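Participant: Have a look at this prediction, sequence included:
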Amino acid sequence: MARLPYLDRDDLPEEQRAIFDDLERARGYVPNLYRALANAPRLMADFVAMGADIRRPSALRQDLKELAILTVGRVTGATTIWVSHQAWAREAGLSDEELLGVPAWRGHPAFSSEQRAVMAYAEEVTTEVRASDETWGAVRAFLDGSALAELALVVGFYNMVARFLEPAQVDLDPRYTQRPDTR
């Protein structure tokens, strides 16, 4: 059970209500994450904007971005991240074999050396905060400065998401227990 109340559009200050309207239009519902974040409406606005920017196609390939996000979700135990990004990961080109292999990525044959390097980075930064020279070198071998900066921001942002979701005990949205392949 969530430790913060889930707020609705009408609970928000007038100037913040458009955020819920936009989420409703884009997704067909307002996820529990945002309903809990609405307890801090000013920060929620910036959070929603940054999350949307991070998920957009950019210098970091979408499949690598989603593997990094899924790794953060797995390592932190943030079920909402893990479940909600399954569909985005498939859209990014990840196969069911790859998605099933994420928990055992080190020894799973489905992954390329690039994918393994990104998952190693995401796991190490999530657990240790810093990336070792070896781990940094592995991603630096194939990512340019823009993609490296984005990888760091993606992993950092989703660690922030996990560190909100888990202490606040935000519930998995009911839509995922009914239709697991939807956002």
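Facilitator: That came through fine.

Participant: how about the helices in the chain?
Facilitator: Taking DSSP state H to define them, one finds helices in the chain at 17-27, 32-37, 41-55, 62-76, 79-84, 86-91, 96-101, 113-128, 133-140, 145-168, 174-178.

Participant: Quick one: distance of stretch 7-24 to the chain centre.
Facilitator: Taking Cα atoms, centre = their mean, to the nearest Å, one finds stretch 7-24 lying 22 Å from the centre of the chain it belongs to.

Participant: now what about it, what contacts it?
Facilitator: Residues outside stretch 7-24 that contact it (Cβ atoms under 8 Å, 6 or more residues apart in numbering) are 29-31, 34-36, 38-39, 41-42, 44-45, 48. Where you see a C-beta, it was placed from the backbone N, CA and C, and this is true even at glycine.

Participant: Kindly state the domain boundaries assigned to this structure.
Facilitator: Split into domains by automatic domain parsing, the chain comes to 9-55, 62-168.

Participant: right, so of those domains, which gets closest to R3?
Facilitator: Smallest distance to R3 across those (Cβ to Cβ): 5.1 Å, for domain 62-168.

Participant: tell me how far the ends of that closest one are from each other?
Facilitator: 29 Å (Cα to Cα, to the nearest Å).

Participant: Ranking helices and strands of this protein by mean pLDDT, which lands last?
Facilitator: Among the helices and strands of the chain, helix 174-178 carries the lowest confidence by mean pLDDT, DSSP states H and E, at a mean of 77.

Participant: In this structure, where is pLDDT below threshold?
Facilitator: 178-183 (pLDDT under 70).

Participant: if we can go back for a sec, as CSV, the helices of the chain with distance to P5 and mean neighbour count would be great.
Facilitator: Formatted as CSV, the helices of the chain follow (distance: least, Cβ to Cβ, whole Å; neighbours: other Cβ atoms under 10 Å):
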stretch, distance to P5, mean neighbour count
helix 17-27, 15, 14
helix 32-37, 8, 22
helix 41-55, 13, 15
helix 62-76, 23, 24
helix 79-84, 17, 21
helix 86-91, 28, 17
helix 96-101, 33, 15
helix 113-128, 28, 20
helix 133-140, 40, 15
helix 145-168, 10, 18
helix 174-178, 17, 13
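
Participant: Using JSON lines, please lay out the domains of the chain together with distance to M1.
Facilitator: JSON lines is the format used below for the domains of the chain (distance: least, Cβ to Cβ, whole Å):
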{"stretch": "domain 9-55", "distance to M1": "11"}
{"stretch": "domain 62-168", "distance to M1": "11"}
